[in-house]
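Peer 1: got a predicted structure plus its sequence, pasted below:
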Amino acid sequence: MSLGLSTPAFGARRAAQHLARLPAAGRDRLPGIVLCLLVACGAVGLQALERAAFGRSWLESLVLAILLGAAIRTAWTPGARWRAGIDFCARPVLEVAVVLLGLSVSATTLLSAGWALPLAVAGTVCVSLLTAFGIGRALGLNRRMAILIACGNSICGNSAIAAVAPLIGADADDVTASIAFTAVLGVLTVLALPLAGAALHLSPTGLGALAGLTVYAVPQVLAATAAMGPTAMQFGALVKLTRVLMLGPVFAVLALVLGRRASNASARAWPPVHKLLPWFIVGFLVCLAARSAGVVPAPVIAPASAVTGLLTTLSMAGLGLMTDLRALRRAGGRAAVAATLSLSVLAVIALGVVRLLGLA
């Protein structure tokens with residue numbers, strides 16, 4: 001006699017029971033995580049189709065995940081039930097991927113440029129900040145908006161905007177518009193850089209340095225350099241993380257310059273340390289040091305690299321699902337022109353640095 005233990009209804013009840021035992025945070029994130037997984041799987045499938053049809057991948061799964069996610073987000077706005085999981089994939093999952101990336105980085109390759117590299121990164125950020133601010137003001141943007149676009153373009157996109165906004169007393173509209181530009185222009189840069197690298201005949205380290213100096217977010221650097229292989233990805237990540245570290249000094253200078261003009265104490269308040277020195281940068285450097293010192297067992301490196309790739313693709317899907325391509329139209333013409341011109345100038349400066357350091 002059958003007890004019905006194998007029926008679909010019983011299976012559904014068991015699944016519901018397991019789901020009910022999950023912590024509340026896990027249940028809230030599950031729909032968005034599943035959506036990101038589907039987008040990531042779709043991207044991997046499209047890359048496989050590319051290889052079958054053309055013999056090679058013109059767009060890597062990392063780029064395809066961003067494009068698929070952005071296409072979905074532009075056509076459909078995920079409701080509240082999806083957001084926690086999407087945000088989880090776009091941020092914590094990404095941060096873990098960056099930490100694990102340190103296990104696969106070749107210290108010999110990264111140190112080839114010597115002390116000239118961090119100095120060049122610092123100089124590029126400073127010149128880009130001043131130039132972008134000048135472009136914004138010349139186009140009639142208010143001081144706050146010009147500073148936000150300059151910091152977002154020159155340092156690390158949304159993170160820089162979020163850290164600087166309270167210091168300068170930026171309102172919600174300025175912050176929203178600035179973040180919209182960094183999201184959309186970041187995707188466009190990811191698509192353009194591999195083409196530019198091929199047209200300019202850049203080496204893997206050259207493309208990595210160019211991406212690290214221009215792209216807003218670490219995962220976007222990985223997507224832009226994936227086609228050139230691990231050396232480009234690793235070098236790009238190091239340059240990008242060095243650029244992120246500039247957020248602390250830039251914030252300190254802004255606080256000194258603007259603090260005297262601020263009319264209230266809250267505008268001069270420093271953000272938490274983790275905003276200026278994210279934990280995943282520390283984790284990346286620790287893993288890099290461990291790998292360089294020979295502490296990491298050799299059998300661990302290949303699986304860590306594979307997990308890094310999977311997590312990065314998942315985070316790309318999350319970033320894409322947070323990117324609404326219609327945001328540029330809503331945010332205003334002058335701000336769009338300022339952000340685009342600033343990014344173009346940064347790209348020219350970065351290419352000059354790459355050639356000056358002999359990385360091309």
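Peer 2: Thanks, I have the structure now.
Peer 1: please make it C-alpha for all contacts and neighbour counts, starting now.
Peer 2: OK.
Peer 1: what helix or strand is residue 256 located in?
Peer 2: Following DSSP states H and E, one finds residue 256 within helix 247-259.
Peer 1: helices or strands up against that helix?
Peer 2: Contact analysis of helix 247-259 by 3 or more Cα pairs under 8 Å, 6 or more residues apart in numbering; DSSP states H and E lists helix 158-168 as its packing neighbours.
Peer 1: what is whichever helix or strand comes after the helix it packs on packed up against?
Peer 2: Toward the C-terminal end, the helix or strand that comes next after helix 158-168 (DSSP H and E) is helix 172-199. In terms of contacts (3+ Cα pairs under 8 Å, 6+ apart), helix 172-199 is packed against helix 61-75, helix 143-151, helix 158-168, helix 204-214, helix 218-225, helix 327-331, helix 333-356.
Peer 1: measure the residue at minimal distance from the centre of the chain to residue 201 for me?
Peer 2: In the chain, the centroid-proximal residue (Cα atoms, centre = their mean) is residue 217; its distance is 2.3 Å. Separation of residue 217 from residue 201 (Cα to Cα, to the nearest Å) stands at 24 Å.
Peer 1: on that earlier part again, which residues sit in contact with the residue nearest to the centre of the chain?
Peer 2: 156-157, 186, 240 (Cα atoms under 8 Å, 6 or more residues apart in numbering).
Peer 1: and of those residues, the nearest to residue 209?
Peer 2: The nearest member of the contacts of residue 217 to residue 209, counting by Cα to Cα, is residue 240 at 8.2 Å.
Peer 1: give me the neighbour count for the nearest residue to that closest one once chain neighbours are set aside.
Peer 2: Nearest residue to residue 240, sequence neighbours excluded (Cα to Cα, 6 or more residues apart in numbering): residue 212, at 4.2 Å. By other Cα atoms under 10 Å, 32 other residues sit near residue 212.
Peer 1: burial count for the closest residue to residue 164 other than its chain neighbours?
Peer 2: Nearest residue to residue 164, sequence neighbours excluded (Cα to Cα, 6+ apart): residue 251, at 6.8 Å. Neighbourhood size, residue 251 [other Cα under 10 Å]: 19.
Peer 1: and what of residue 89?
Peer 2: Neighbour count for residue 89, taken as other Cα under 10 Å: 26.
Peer 1: before we move on, what about residue 118?
Peer 2: Other residues near residue 118 number 15, with proximity taken as other Cα under 10 Å.
Peer 1: was I right about it contacting residue 241?
Peer 2: No - if you go by Cα atoms under 8 Å, residue 118 and residue 241 don't touch, sitting 10.2 Å apart.
Peer 1: might one say that residue 258 is in contact with residue 168?
Peer 2: Yes - Residue 258 is within contact range of residue 168, at 7.3 Å (criterion: Cα under 8 Å).
Peer 1: so between these two, which is more surrounded?
Peer 2: Legend: neighbour count by other Cα under 10 Å for residue 258 and residue 168, higher for residue 168 (21 against 14).
Peer 1: can you list contacts of the host helix or strand of residue 237?
Peer 2: Assigned by DSSP H and E, residue 237 falls within helix 230-244. Residues from elsewhere that reach helix 230-244 (Cα under 8 Å, 6+ apart): 101, 104-106, 109-110, 117-118, 121-122, 125, 155-156, 204-213, 215, 217-218, 221-222, 225-226, 281.
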